[in-house]
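Participant: Need coordinates for the following:
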Amino acid sequence: MDMKVLVVGGGGREHAITTALSRNSDADIYAVMGRKNPGIARQAREIFIGNETLTGPVTDFALAKWIDVAVIGPEAPLEAGLVDALEHAGIPCVGPTRAAARLETDKAFCRMMMERHGIAGCPRYRVFHAADEAVEFVGDFGGDLAIKPIGLTGGKGVRIMGEQVDRESAIAYIRELGGHVVLEERLIGEEFTLQAFVDGTHLVPMPLVQDHKRAYEGDSGPNTGGMGSYSLSDHGLPFVTTDDYEKALTIMTDAVSGMAREGVPYRGILYGQFMNTAEGPKVIEFNARFGDPEAMNVLSLLSSDFVEIACRLTEGTLSASHVAFAEKATVCKYVVPAGYPEKPHAGDPLHLGDTGEAHVYYANVVEENGVLRTQTSRSLAFVGLGDTLDEAERTAESAASAVSGNVRHRRDIGTGAVLERRCAHMRDLV
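Facilitator: Sure, this is the predicted structure:
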């Protein structure tokens, strides 16, 4: 039976979602995005260019096209209540309601929810709504802190004392934010991402991924939305033990149970970003949707029918038997405009070269008279798959290097040398 599926969002993550859905030949894809994504547009039967957070026009479009199920990509429409509006109109969604999305959109709520339900992995934290009180706390605190704006910041709002800012700069940043912050102990360890399909009750985990936030090679420079990521063929990471993994999955399961007890059942994609510390995994944050770039790693591996997964997720009938991933390693490398992220240069032409066997995902680019041009965020992502990490990295690196234009990418992502440094760091901690 033909299915009409709506994808909301126009970035690289949403191109990966659209590509995964379109492997089902019975799926008709419709898309809503703020700016035309050339890759999504080629796969979709029809697109609607408009603000993704305006729930009325998006719902009207979905009703007019008789959409069967909607997949929400970014966090802003979730915060705007798009799932609430679509479901009120009778359209089931892969994505949480506005109240359930507070796991991501309200960092103070997330920490207090974890504390209320005794969920493990919660760092020591304090919530502030007044700058003077927060500044006084920073002054009295003996160690380094993570300064987190309470609301959404597009993944670029957190400042870590001892890494990105000193105490004086941290205080200035808190005042800039008006004092609405969560201050947490600085976590030391190795980050990893665990994502899961959640049908309200059941969680089906996806392969572990490690993202690279920093702008430049050697993990230097400012934070970005993510310059690339990798996963391994056994779906684990060598610096995450089986016990660590089980603890992380239990934390996510307990968070879903906690949300149900709060009266706001969680349904959609749950993204857990963890710091694997000497004491085990601790929660850096939960996101209420796929990560970007991590979505491109796991969805490139997804070998089962994403349309069926979406339907079962909305019906509450999803189980592990419905979800399978290829036993391959993946490496994702983002090509970004010159100057990104501080002063990105938009409008420059860029040309794809020989992408070989890499998966190509369009992100923040426009196509004018057949020519791709950069915008102010990440441009294109290339995902290599292979039996080994080296093989996947070579495929991704070859494709990213073949792009010509005023762009750059990190060549070190997915290399054996970087992975060994991660493992050595973890060995030093435990």
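Participant: ok, residue 138 touching residue 165?
Facilitator: No: the pair residue 138 / residue 165 is not scored as a contact, 10.7 Å apart, by Cβ atoms under 8 Å. Yep, even glycine has a C-beta here, placed from its N, CA and C like the rest.
Participant: Now do the shared contacts for these two.
Facilitator: In terms of Cβ atoms under 8 Å, 6 or more residues apart in numbering, residue 138 and residue 165 are not both contacted by any residue.
Participant: Strands along the stretch 101-250 of the chain, start to end?
Facilitator: Using DSSP state E, counting those that start in this stretch, the strands of the stretch 101-250 of the chain run over 125-129, 145-149, 159-160, 180-185, 190-199, 203-205, 210-216, 220-231.
Participant: Nearest to residue 79, out of those strands?
Facilitator: Distance to residue 79, taken as Cβ to Cβ, is lowest for strand 145-149 among the strands of the stretch 101-250 of the chain, at 13.6 Å.
Participant: same for that closest one, what does it pack against?
Facilitator: Under the contact criterion of 3 or more Cβ pairs under 8 Å, 6 or more residues apart in numbering; DSSP states H and E, strand 145-149 touches strand 159-160, helix 167-176, strand 180-185.
Participant: hey, which of those is tucked in deepest?
Facilitator: Among the helices and strands packed on strand 145-149, strand 180-185 has the highest mean neighbour count (mean count of other Cβ atoms under 10 Å), at a mean of 22.
Participant: who does that one pair up with?
Facilitator: When pairs are called by DSSP bridges, strand 180-185 turns out to pair with strand 125-129 (antiparallel), strand 145-149 (antiparallel).
Participant: now the angle from it to helix 167-176?
Facilitator: Angle of strand 180-185 versus helix 167-176, following axes from the mean of the first three to the mean of the last three Cα atoms, to 10 degrees, is 150 degrees.
Participant: which outside residues touch strand 180-185?
Facilitator: Counting by Cβ under 8 Å, 6+ apart, 107-108, 111, 123-129, 134, 137-138, 141, 143, 145-151, 174 sit against strand 180-185.
Participant: Just the buried residues out of these, in ChimeraX syntax.
Facilitator: Applying 16 or more other Cβ atoms under 10 Å to the contacts of strand 180-185 leaves a buried subset, and the ChimeraX line that selects it is:
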select :107,108,111,123,125,126,127,128,134,138,145,146,147,148,149,150,174
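Participant: Model confidence at the most centrally placed residue in the chain, what's the number?
Facilitator: In the chain, the residue lying closest to the centroid (Cα atoms, centre = their mean) is residue 291, at 1.2 Å. Here, the pLDDT recorded for residue 291 equals 97.
Participant: ditto for residue 156
Facilitator: 69.
Participant: The biggest helix by length in the chain versus strand 190-199: what angle between them?
Facilitator: Under DSSP state H, the helix in the chain containing the largest number of residues is helix 242-261. Per the same axes, to 10 degrees, the angle that helix 242-261 makes with strand 190-199 is 40 degrees.
Participant: For the residue of the chain positioned farthest from its centre, give its distance to residue 186.
Facilitator: Farthest-out residue of the chain from its mean C-alpha position, per Cα atoms, centre = their mean: residue 140, at 34.2 Å. Residue 140 sits 16 Å away from residue 186 when distances are taken as Cβ to Cβ, to the nearest Å.
Participant: can you give me the helices for the stretch 51-200 of the chain?
Facilitator: All helices of the stretch 51-200 of the chain, identified by DSSP state H, counting those that start in this stretch, fall at 55-64, 75-80, 82-88, 102-105, 107-116, 131-140, 167-176.
Participant: CA atoms of the fourth one as CSV?
Facilitator: To tie it back to what came earlier, the one meant is helix 102-105. Coordinates of the C-alpha atoms in helix 102-105 are reproduced here as CSV (Å, rounded to 0.1, in the frame of the first residue of the first chain):
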residue,chain,number,x,y,z
ARG,A,102,11.3,19.6,26.9
LEU,A,103,13.8,16.9,27.5
GLU,A,104,15.9,18.8,24.9
THR,A,105,14.3,22.3,24.8
